[in-house]
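Asker: Have a look at this prediction, sequence included:
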Amino acid sequence: MDHDEKELLARRFEADRGHLRAVAYRMLGSLGEAEDAVQEAWIKLNRSDVSGVTNLSGWLTTVVGRVCLDMLRARGSRREDPLEYYVPDPVVRVPDTADPEHAAEVTESVGLALLVVLESLSPAERLAFVLHDMFAVSFDEIARIVDRTPAATRQLASRARRRVRDASPAAGPDARRQREIADAFLAASQGGDFEGLLAVLDPDVVLRADGGKALAAVSKIVRGAEAVVAQALTYAKFRTGALPLLANGAPAVLSVANGRPAALMVFTIAGDRIVELHILADPERLAALDLSEEDLGRARY
């Protein structure tokens, strides 16, 4: 391959990078691992003869899918943290500011609640669902990745689709109303308003907190409105700054202490009630959020 051909291949890969990162993020729920998967696809592209490939974008999509499948299988064999507590990496932005480049590319249409459900699927089910239902890859192509027949691959996607449908919350109100509900929850928490908190929580609300390895004692699941209220009132005693954010398109708030992220709370809202709360308290992953010093300086105390 001469220099001009390499340059052309690099440009074509860069044109697909955002799409490939979106595929990998949905497969892995980790921004860092998604970047690794895309980089591995670039390495494989450089080592492959693609002169006969008519659809390079499709070829790259299946390569990323295969890389992610291997990563999910390896992750499952060495995973130490309890899956029930795991909160996937959020894509965050400060409202009314320009989107970070990767937030624009890794589109925010996939919420944390859906990513949590995807974590419960087997690697092959997740691949079949993500590639087919989210990116319209044919079952014939997916079958070659998972080494099954197209019919068996269709069954993988069908099982995954049922689990996603059964576990996914109903559609929420518009973005403005969702922010109003989130703000009402925060105001009631700070004000110690027990009844006000109950008014915005679904009776079966679930709170999932992930402290990572550094704060493993923080990791927990809390179920039911009254239990979540008690947890919220306990957290409210610790005075920190609050930075309103969007996380994967949903209302969120970042607690800021001494100018550094302390915890991120993301709201999932259906109807006029909060049905899920995801709290990321892992210091390592909080430090990796795409937020500048200027962003953190907007926190209100």
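Answerer: Done, it's in.

Asker: Let me know the next secondary structure element after the helix or strand that Leu277 is a member of.
Answerer: Leu277 belongs to strand 273-280 when assigned by DSSP states H and E. For strand 273-280, the following helix or strand on the C-terminal side (DSSP H and E) is helix 283-287.

Asker: Which residues outside the very next helix or strand once past that next one are in contact with it?
Answerer: Sequence-wise, the next helix or strand downstream of helix 283-287 (DSSP H and E) is helix 293-296. By C-beta atoms under 8 Å, 6 or more residues apart in numbering, the residues outside helix 293-296 that reach it are Val94, Thr97, Leu243, Val256, Gly259, Arg260, Pro261. C-beta here means a position set from N, CA and C on the backbone, and glycine is covered the same way.

Asker: Need the residues you listed in JSON lines (columns: secondary structure).
Answerer: Compiled in JSON lines, those are given as follows (DSSP: H, G, I helix; E, B strand; the rest coil):
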{"residue": "Val94", "secondary structure": "coil"}
{"residue": "Thr97", "secondary structure": "coil"}
{"residue": "Leu243", "secondary structure": "strand"}
{"residue": "Val256", "secondary structure": "strand"}
{"residue": "Gly259", "secondary structure": "coil"}
{"residue": "Arg260", "secondary structure": "strand"}
{"residue": "Pro261", "secondary structure": "strand"}
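
Asker: quick check, nearest of the residues you listed to Val200?
Answerer: Leu243 (20.2 Å; C-beta to C-beta).

Asker: now Thr61: how far from Met134?
Answerer: 11 Å (C-beta to C-beta, to the nearest Å).

Asker: Touching both of those two, which residues are there?
Answerer: Common neighbours of Thr61 and Met134 (C-beta under 8 Å, 6+ apart) are Val23.

Asker: my read: Ala128 touches Ala160, true?
Answerer: Yes - Ala128 is within contact range of Ala160, at 6.3 Å (criterion: C-beta atoms under 8 Å).

Asker: Under the pLDDT cut-off, which ranges of the chain? List them.
Answerer: 1-2, 77-82, 96-109, 237-239 (pLDDT under 70).

Asker: What segments of it are strands?
Answerer: For the chain, applying DSSP state E gives strands covering 92-93, 201-210, 220-223, 241-247, 250-257, 260-270, 273-280.

Asker: I'd say His19 and Ser57 touch.
Answerer: Yes - between His19 and Ser57 a contact is recorded at 7.1 Å, counting by C-beta under 8 Å.

Asker: Looking only at neighbour counts, state which of these two leads.
Answerer: The neighbour comparison of His19 against Ser57 (other C-beta atoms under 10 Å) goes to His19, with 18 against 13.

Asker: Redo the contacts of helix 293-296 as JSON lines? Include distance to Glu284 and neighbour count.
Answerer: Converted to JSON lines, the contacts of helix 293-296 look like this (distance: C-beta to C-beta, whole Å; neighbours: other C-beta atoms under 10 Å):
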{"residue": "Val94", "distance to Glu284": "21", "neighbour count": "20"}
{"residue": "Thr97", "distance to Glu284": "25", "neighbour count": "11"}
{"residue": "Leu243", "distance to Glu284": "19", "neighbour count": "21"}
{"residue": "Val256", "distance to Glu284": "17", "neighbour count": "22"}
{"residue": "Gly259", "distance to Glu284": "17", "neighbour count": "10"}
{"residue": "Arg260", "distance to Glu284": "12", "neighbour count": "13"}
{"residue": "Pro261", "distance to Glu284": "11", "neighbour count": "25"}
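
Asker: Tell me the buried residues in the lengthiest helix in the chain?
Answerer: For the chain, the longest helix by residue count, based on DSSP state H, is helix 3-28. Judged by neighbour count using 16 or more other C-beta atoms under 10 Å, the buried positions of helix 3-28 are 9, 13, 16-28.

Asker: Run through who's touching the strand holding Leu277.
Answerer: 87, 90, 112-113, 116, 169, 181-182, 185, 200-202, 204-210, 228, 263-269, 286.
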